[in-house]
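In: 3D, please:
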Amino acid sequence: MCKLGWSVAGVLLLALLAVGYKFIIAGSTLPASDGREALLLEPGERDLVLAEMRQFLASVQGITDGLTGKDMQRVAEAARGVGAAAQQAVPASLVGKLPLSFKKLGFDTHRKFDLLALDAEQLEDPEHTLQQLSELMNNCVACHATYRIDSLKN
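Out: The predicted structure is shown next:
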């Protein structure tokens with residue numbers, strides 16, 4: 001009985017590790033024909049991720065608009081709108097389909113928007129903010145160079 005118990009526990013542990021790997025690290029991806037990694041999402045999930053990216057772009061526009069007018073409060077508001085608080089709306093089922101590297105980029109991007117907002121308010125230095133925005137945009141370029149989002153067929 002003891003050997004059987006250990007065998008069952010071993011099989012369950014392996015199954016748990018496999019599920020954990022798929023959910024936390026690998027996500028739901030395939031190599032894409034253009035050399036990038038295709039994220040395979042349901043149409044609604046794809047729409048949600050693309051909407052978030054459009055919000056990033058609108059925020060960048062608000063930041064640059066604020067910078068040109070030296071309105072650091074406008075800069076902070078635009079950045080804060082897509083900070084870490086915004087990622088709370090992403091369902092866990094979607095997060096599980098995203099590879100770890102995509103999640104890291106996304107979390108880092110939200111964090112950088114929060115830091116940009118905080119620094120814009122506290123430092124009120126447009127040059128510093130522009131440098132932060134440049135660094136933040138590297139995340140966008142890296143993400144779009146690495147991934148594309150495909151819909152799963154229904």
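
In: list the buried residues in the helix or strand encompassing Leu57.
Out: For Leu57, the host element (DSSP states H and E) is helix 43-68. Neighbour counts over helix 43-68 (16 or more other C-beta atoms under 10 Å) mark 45-46, 48-49, 52-53, 56, 59-60, 62-63, 66-67 as buried. All C-beta atoms are positioned from the backbone trio N, CA, C, and that covers glycine.

In: repeat for stretch 107-122
Out: So, applying 16+ other C-beta under 10 Å, buried residues of stretch 107-122: 109-110, 112-114, 116-117, 119-120.

In: can you give the distance of it from its chain's centre?
Out: 15 Å (C-alpha atoms, centre = their mean, to the nearest Å).

In: ok, residues contacting that stretch?
Out: 56, 59, 63, 66, 72-73, 75-77, 79-80, 82-84, 86-87, 125, 128-129, 132-133, 135-136, 139-140, 143 (C-beta atoms under 8 Å, 6 or more residues apart in numbering).

In: any idea how far stretch 131-151 is from the chain center?
Out: Its chain's C-alpha centre and that of stretch 131-151 lie 9 Å apart, by C-alpha atoms, centre = their mean.

In: please apply the same query to stretch 128-137.
Out: That offset, for stretch 128-137, works out to 18 Å (C-alpha atoms, centre = their mean).

In: other residues contacting it?
Out: 60, 63-64, 67, 72, 75, 109, 112-113, 115-116, 119-120, 123.

In: that'll do, ta.
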